[in-house]
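**Student:** after the sequence you'll find the predicted model.
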Number of protein chains: 2
Amino acid sequence: MPAGGRSAGPEVIWTRPERTGRGPRPAHTRAEIARAAVRIADADGIEAVSMRRVAAEIGCGTMSLYNYVPRKEDLYELMVDAAAEEHDLSALPTGDWRADMLTVARDTRDLMRRHPWLTRLLSAAYGFTPNTLRHLERCMAALEGLDATGGAKLELLSMINGSVMAFVSNEVAAAERARAVPWTPEEEQAVRNAYLTAELGSGRYPHLAAAVAENPAPTGPHDYEAAFERAVGRLLDAFDHGGSTA
Amino acid sequence: MPAGGRSAGPEVIWTRPERTGRGPRPAHTRAEIARAAVRIADADGIEAVSMRRVAAEIGCGTMSLYNYVPRKEDLYELMVDAAAEEHDLSALPTGDWRADMLTVARDTRDLMRRHPWLTRLLSAAYGFTPNTLRHLERCMAALEGLDATGGAKLELLSMINGSVMAFVSNEVAAAERARAVPWTPEEEQAVRNAYLTAELGSGRYPHLAAAVAENPAPTGPHDYEAAFERAVGRLLDAFDHGGSTA
DNA sequence: ACACCACTACGTACGCTGTACGTAACTACG
DNA sequence: CGTAGTTACGTACAGCGTACGTAGTGGTGT
């Protein structure tokens, strides 16, 4: 069972020991590498995270990275885990599961705002890491007071997570996209708003246009805030009223 | 205002005319290009969609593609639009908005299963295209009977979409990830399940482990189906009971 | 004590990517 | 009818992930 050596079979990075003891002491750690990758992604976007760039950031040869991480995909997984470590839920559970879930939702939203690349990686399925499991466990503990099956609780958490992801995705969309393009986030936002306004004004989408006119686009951070709280509240209502449908 | 020419300023592909009339008649259309890209992504995954590959697929030089699409990102947008054209909601609205929303959710889920790359592209913010707007309009029409503000209706649609995305993401995760790795989806799934089972058995996650034990992992398609229907039902309940929270 | 070998480190190289730029042919408009 | 805007596309460049080879290091088994 090789530790950092070249791998062949199917494996998850978390089952591969970071170090066996044989050979020279590694000059770096997974945690250090993950932090470097997170720093790069925060600064220049997830697409700036390359093996060469991360290696340069920690000061080693490009190919040395492969002693720590068998594939770039596993580097992504390390990043998700490093980000998940930032969850601050030390106050949970308080005994009020509804309040706790709102706290969880806000905490997750802040985390994803701080690391916009998270929505991309999570939706690409790097979901279960040691720290995300720890986070989930704490959430489940906070749901002890909710009268529902374990499955229902898991589903609630999954839906909260999904909704937060969708929300933050929308929020950071223009900024993220502007990175790939030679103009500013404001220009990007402006040009897309112009398109949308023009389309809605065309008369081809009467119901949609009416709804948007009645409730103009949530561009300000304050509008996002309110919509977010409303959405999470509704989700909790759905589980509070005890109701599965059929 | 150039049509296919080299672009400079900020713009959205949908405001760029496909053809002005000047110069030789283009040998291809945006729709044809989008269909080719979709075919490739369906067959070999989104990361197989390269300008060279798409160009080869429609039988033209690589750089000729840039006459139709200023950047690769815009090609993604064309793909989202092409996929959104597959929505079959011709039966809507029926007058029963609740039933209609369930239909919408199922239709969207099927679409995303057919094109697993959609979850990636949508969460990366290629959200508003002509066909997605048409789709949204039809959904809003189906919600006419719901007693709620336009804003609330938009939020309902957004939450349904987000939940469906999260669901399908989880469902196709292993298969998608296996594409980047020299082993089969089954091996990938097995290795990740083994890790999860081992962790849950470690005693470090008592609440989580209990919930999973009580309600074993939804690996079968039948389990996914049931969980999906439940989740959408709950979401609709939240809006049906009329409740915003505070 | 010493040989062995797993391990770290890393340079080179290959095939791939997006796309800037230059050039040649073509056609609708002034 | 010239000319400007367009289509088509080859070449080239910088960057990517990573297979592979090789050199050095240090715990382990004899």
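**Tutor:** Perfect, thanks for sending it.

**Student:** quick one: contacts for residue A:39?
**Tutor:** residue A:57 (C-beta atoms under 8 Å, 6 or more residues apart in numbering or on different chains). The C-beta positions use only the backbone N, C-alpha and C, and glycine is treated the same way.

**Student:** list the buried residues in the host helix or strand of it.
**Tutor:** Take DSSP states H and E as the rule and residue A:39 turns out to sit in helix A:30-44. Residues of helix A:30-44 classed as buried: A:30, A:33-38, A:40-41 (neighbour count, 16 or more other C-beta atoms under 10 Å in any protein chain shown).

**Student:** do the same with stretch A:108-119
**Tutor:** Within stretch A:108-119, the residues scored as buried using 16+ other C-beta under 10 Å are A:108-109, A:111-112, A:115-119.

**Student:** thinking again about what came up before, got the buried residues of helix A:30-44 as CSV, with pLDDT and distance to DNA strand C columns?
**Tutor:** Below are these laid out as CSV (pLDDT from 0 to 100; distance: C-beta to the nearest atom of the strand, whole Å):
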residue, pLDDT, distance to DNA strand C
A:30, 96, 11
A:33, 98, 10
A:34, 98, 15
A:35, 98, 16
A:36, 98, 14
A:37, 98, 16
A:38, 98, 20
A:40, 98, 18
A:41, 98, 19
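
**Student:** make JSON lines from those residues and add distance to DNA strand D to it.
**Tutor:** Below are these laid out as JSON lines (distance: C-beta to the nearest atom of the strand, whole Å):
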{"residue": "A:30", "distance to DNA strand D": "16"}
{"residue": "A:33", "distance to DNA strand D": "13"}
{"residue": "A:34", "distance to DNA strand D": "15"}
{"residue": "A:35", "distance to DNA strand D": "17"}
{"residue": "A:36", "distance to DNA strand D": "13"}
{"residue": "A:37", "distance to DNA strand D": "10"}
{"residue": "A:38", "distance to DNA strand D": "15"}
{"residue": "A:40", "distance to DNA strand D": "10"}
{"residue": "A:41", "distance to DNA strand D": "12"}
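
**Student:** which of the buried residues of stretch A:108-119 fall within helices?
**Tutor:** A:108-109, A:111-112, A:117-119 (DSSP state H).

**Student:** and which of those residues is nearest to chain B?
**Tutor:** residue A:119 (5.8 Å; C-beta to the nearest C-beta).

**Student:** which helices and strands sit right next to the helix or strand encompassing residue A:141?
**Tutor:** Using DSSP H and E, residue A:141 falls within helix A:130-142. Using 3 or more C-beta pairs under 8 Å, 6 or more residues apart in numbering or on different chains; DSSP states H and E, the elements in contact with helix A:130-142 are helix A:72-84, helix A:97-114, helix A:150-178, helix B:206-214.

**Student:** so what's the gap between the second one and the chain middle?
**Tutor:** Just to be clear, that refers to helix A:97-114. A distance of 12 Å separates the centroid of the chain from that of helix A:97-114, by C-alpha atoms, centre = their mean, to the nearest Å.

**Student:** and the first one, by the same measure?
**Tutor:** Here helix A:72-84 shows a centroid-to-chain-centroid distance of 11 Å under the convention C-alpha atoms, centre = their mean.

**Student:** again, but for the longest one
**Tutor:** Going by C-alpha atoms, centre = their mean, the spacing between the C-alpha centre of helix A:150-178 and its chain's C-alpha centre is 8 Å.

**Student:** so, in contact with chain B or not, that helix?
**Tutor:** Yes. Against chain B, helix A:150-178 shows contacts by C-beta under 8 Å from any C-beta of the partner chain at A:150-151, A:153-155, A:158-159, A:161-163, A:165-167, A:169-170, A:172-174, A:176-177.

**Student:** could you give the angle of that helix to helix A:130-142?
**Tutor:** If you take axes from the mean of the first three to the mean of the last three C-alpha atoms, to 10 degrees, helix A:150-178 sits at 130 degrees to helix A:130-142.

**Student:** helix A:150-178 versus helix B:206-214: what angle between them?
**Tutor:** 110 degrees.

**Student:** after helix A:150-178, which helix or strand is next?
**Tutor:** Later in the chain than helix A:150-178, the nearest helix or strand by DSSP H and E is helix A:185-200.

**Student:** burial count for residue A:55?
**Tutor:** Neighbours of residue A:55 under the rule other C-beta atoms under 10 Å in any protein chain shown: 19.

**Student:** please apply the same query to residue A:50.
**Tutor:** 14.

**Student:** residue A:152 is in contact with residue A:239, isn't it?
**Tutor:** Yes. Judged on C-beta atoms under 8 Å, residue A:152 makes contact with residue A:239 at a distance of 7.0 Å.

**Student:** okay, those two: which has more neighbours?
**Tutor:** residue A:239 (25 against 20).

**Student:** I figured that one hits residue A:143, correct?
**Tutor:** No. Here residue A:239 does not reach residue A:143: they are 9.3 Å apart, not a contact under C-beta under 8 Å.

**Student:** overlap in contacts, those two.
**Tutor:** Both residue A:239 and residue A:143 are contacted by residue A:156, under the criterion C-beta under 8 Å, 6+ apart.

**Student:** quick check: closest non-adjacent residue to residue A:190.
**Tutor:** Take residue A:190 and drop its neighbours on the chain: the residue closest to it by C-beta to C-beta, 6 or more residues apart in numbering or on different chains is residue B:10, 7.3 Å away.

**Student:** just checking, that neighbour touches residue A:193?
**Tutor:** No. Under the criterion of C-beta under 8 Å, residue B:10 makes no contact with residue A:193, lying 11.4 Å away.
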